[in-house]
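>>> predicted model and sequence below, questions to follow.
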Amino acid sequence: MMKIRDWRLRKKIIWGIGGLLLLNGMGGIVVSRQVARQIRTSLPAGTTVGAVRRSFPFGIVLDRLSIPDSTKKNPFFLQADRVVFQIPWWGLLARPLPAKVTLVRPHLKIGSENINLLVGGMEANPGDWILSPFRGVDRSPQGQGPADQRPVFQNVPFIPFGLSIIDGRVDVIEQEIRKDHPIFIADHVDLSMELTVVFMEPTIHLVCRGDFVTEDGGKVGFQDVEVNCQPRKKAMEGSFRLRHERLGDFRNLYQYAPRPIFIEGGIADFSMKFELTDGKHVKVTAHTLVRNLDLSGKVGEVSWADIMHAVEDPDRVYEWTVPAEGDLGDPTFNPHDYVLSEVEWKMKEKAASRGLKIPGQMFFYADTPAADER
C-alpha cells in the first residue's frame, strides 16, 4: 500500500509541475503579445524591426531595430542589433509593466535638435521620471502639434527597473561646431543601470564605461561614470572621468562667446566627484589636467597662447583641483560659476608669479553681460 501511495503522490507532483509549466508557457505567450503590442504603439512612425520573437519567460526580443531621425538630418536616430524587454514574474499584474531593457550594439546619432525631441518627452521632475521616465502625450488635436515637434517616444508603457547597453556607440553631431563630422564618437560603451528596493527604499546604481574614438576607429580617450541615487531621499553621489586626446575636434565650441575662443588642439583629462543631499546641498570636487592645450583668442590684449604658456610647466602640462559646496536653492551659489571663478583666480595668480598680468574677466558666467546675446 505504501508503494501505491508513493506512486500516486509522484504522479500528482508530476502533473502539478506539468500544469505549472503549461500555465507559465500560456501566460508567457499572452504577456509577450501584450508587450509587443504596447511597444509597437509607442515607437515613432517609420520604425522598422527585422523580427519580433518571444523571450523566455515573459518578454520579447526586437531584432534589427531602426528608428528614423525625425529631423531627417541623419540617416537614423537609433539602430540596434537586438533589443530585449524582459518582464519579471512579480510585475505581471502591475501597470505600467516593470521591464528590464537590454540593447545589444545600439548606435545612436544625436544632435541638439533630435535630442531635444527625446528629452521633450520626459518629465522635468527627477523624482518623477526616475520611476516613470516617459509621460503620456495628449493625443487630442490640441496636443498633437507639428510632427517635427512631437517627442520621439510617446506613451511608453513601462517602468524601467533595469537598463543594459552592450557595446554601444554614440555619434554627437552638430554642424555649426564641426561641419560634416561628429564632434565626438563614444564607442564600445557598456552601461548597466539597476533599480533595487530594500525596505521600501529604491536605489538606482548606474555604471557606464566606453572609449572616445575617431571616425576610423582609433582610440583617443575614454569615459568612466558611476552614480548611486536614492530618489525618495533626494540623494545622489557619484563620480565621472573624461579623457580626450584630440581637443581640436571641439575647435568651434566657444565660437559664439562674447569673446570667441578657438580650441586648436591638446589633451584634457577631467574628473569630478559629487554628492547631493536633501535635493539641494551639493559638494563637488573637480580636477582637470591639460597638456599641449593650444587656444586662439584674447583676454583684453593678452592672447590665450601667452596665458597658457604662463601657467604650464616645462612639459606643457597644467593641472588644477577645485572643491565647491553650497545649496542649489541659494541664488548666489552656482557650482559651474564657482568652479570657473576659482580656476580663473588660480590662473591669474600663477601667471602673475611669472610676470604676466591678465586684465579683466577670463571666462563667462551666468550673469556675464552679453553672454546670451548670440
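In hand now; what should we look at? Note that this is a predicted model, so its numbers are computed, not measured.
>>> wait, Leu295 touches Arg259, no?
No - with contact defined as C-beta atoms under 8 Å, Leu295 does not count as touching Arg259 (11.5 Å). The C-beta positions use only the backbone N, C-alpha and C, and glycine is treated the same way.
>>> so for these two, which sits in the more crowded spot?
Of the pair Leu295 and Arg259, Leu295 is the one with more neighbours under other C-beta atoms under 10 Å, namely 20 against 16.
>>> helix or strand: which one has the more buried one?
strand 281-296 (DSSP states H and E).
>>> so what strands line up beside that strand?
strand 262-277 (antiparallel), strand 317-327 (antiparallel) (DSSP bridges).
>>> pLDDT of the last one, averaged?
Meaning strand 317-327. Strand 317-327 shows an average pLDDT of 95 in the prediction.
>>> in that strand, what counts as buried?
Using 16 or more other C-beta atoms under 10 Å as the test for burial, strand 317-327 gives Tyr318, Trp320, Val322, Ala324, Gly326.
>>> swap in the longest one?
Buried residues in strand 262-277, counting neighbours by 16+ other C-beta under 10 Å, are found at Phe262, Ile263, Gly266, Ile267, Ala268, Asp269, Ser271, Met272, Phe274, Glu275, Leu276.
>>> rebuild the buried residues of strand 317-327 as CSV, extending it with distance to Met308.
What follows is the buried residues of strand 317-327, written out as CSV (distance: C-beta to C-beta, whole Å):
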residue, distance to Met308
Tyr318, 7
Trp320, 13
Val322, 18
Ala324, 24
Gly326, 30
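>>> hmm, back to that, out of the strands paired with strand 281-296, which gets nearest to Thr47?
strand 262-277 (36.2 Å; C-beta to C-beta).
>>> now do the strands in the stretch 101-250 of the chain.
Assigned strands in the stretch 101-250 of the chain, in chain order: 158-172, 184-198, 201-213, 219-230, 235-244 (criterion: DSSP state E, counting those that start in this stretch).
>>> just the CA trace of the fourth one, in CSV.
Spelled out, it's strand 219-230. This file holds the C-alpha atoms of strand 219-230, laid out as CSV (Å, rounded to 0.1, in the frame of the first residue of the first chain):
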residue,chain,number,x,y,z
LYS,A,219,41.0,55.4,-29.6
VAL,A,220,41.5,59.0,-28.4
GLY,A,221,40.2,58.7,-24.9
PHE,A,222,37.7,57.2,-22.6
GLN,A,223,34.8,57.9,-20.2
ASP,A,224,34.0,56.3,-16.9
VAL,A,225,30.8,57.1,-14.9
GLU,A,226,29.4,55.7,-11.7
VAL,A,227,26.3,57.1,-9.9
ASN,A,228,24.2,56.0,-6.9
CYS,A,229,20.8,57.6,-6.4
GLN,A,230,18.2,57.4,-3.7
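>>> how many degrees apart are that strand and strand 262-277 in direction?
20 degrees (axes from the mean of the first three to the mean of the last three C-alpha atoms, to 10 degrees).
>>> I'd like to know the average pLDDT value across the helix or strand that the strand holding Leu295 is followed by.
Downstream of strand 281-296, the first helix or strand assigned by DSSP H and E is strand 298-299. For strand 298-299, mean pLDDT is 92.
>>> what strands flank strand 298-299, and is each parallel or antiparallel?
Strand pairing for strand 298-299, using DSSP bridges, gives strand 302-303 (antiparallel).
>>> neighbouring contacts of the partner strand?
Strand 302-303 has contacts (C-beta atoms under 8 Å, 6 or more residues apart in numbering) with Gly297, Leu356, Lys357, Ile358, Pro359.
>>> so where's the stretch 251-374 of the chain uncertain?
For the stretch 251-374 of the chain, the stretches flagged by pLDDT under 70 are 366-374.
>>> kindly recompute the last result at 90.
254-260, 279, 300, 328-338, 359-361, 363-374 (pLDDT under 90).
>>> circling back to that earlier point, export the strands of the stretch 101-250 of the chain to CSV and tack on mean neighbour count?
Shown next, in CSV, are those (neighbours: other C-beta atoms under 10 Å):
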stretch, mean neighbour count
strand 158-172, 18
strand 184-198, 16
strand 201-213, 17
strand 219-230, 16
strand 235-244, 16
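>>> lowest-confidence stretch among those?
Minimum mean pLDDT among these: strand 158-172, a mean of 88.
>>> what's that strand packed up against?
Judged by 3 or more C-beta pairs under 8 Å, 6 or more residues apart in numbering; DSSP states H and E, the packing partners of strand 158-172 are strand 97-110, strand 184-198.
>>> can these go into CSV with extra columns for distance to Ser164?
Formatted as CSV, the helices and strands packed on strand 158-172 follow (distance: least, C-beta to C-beta, whole Å):
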stretch, distance to Ser164
strand 97-110, 4
strand 184-198, 5
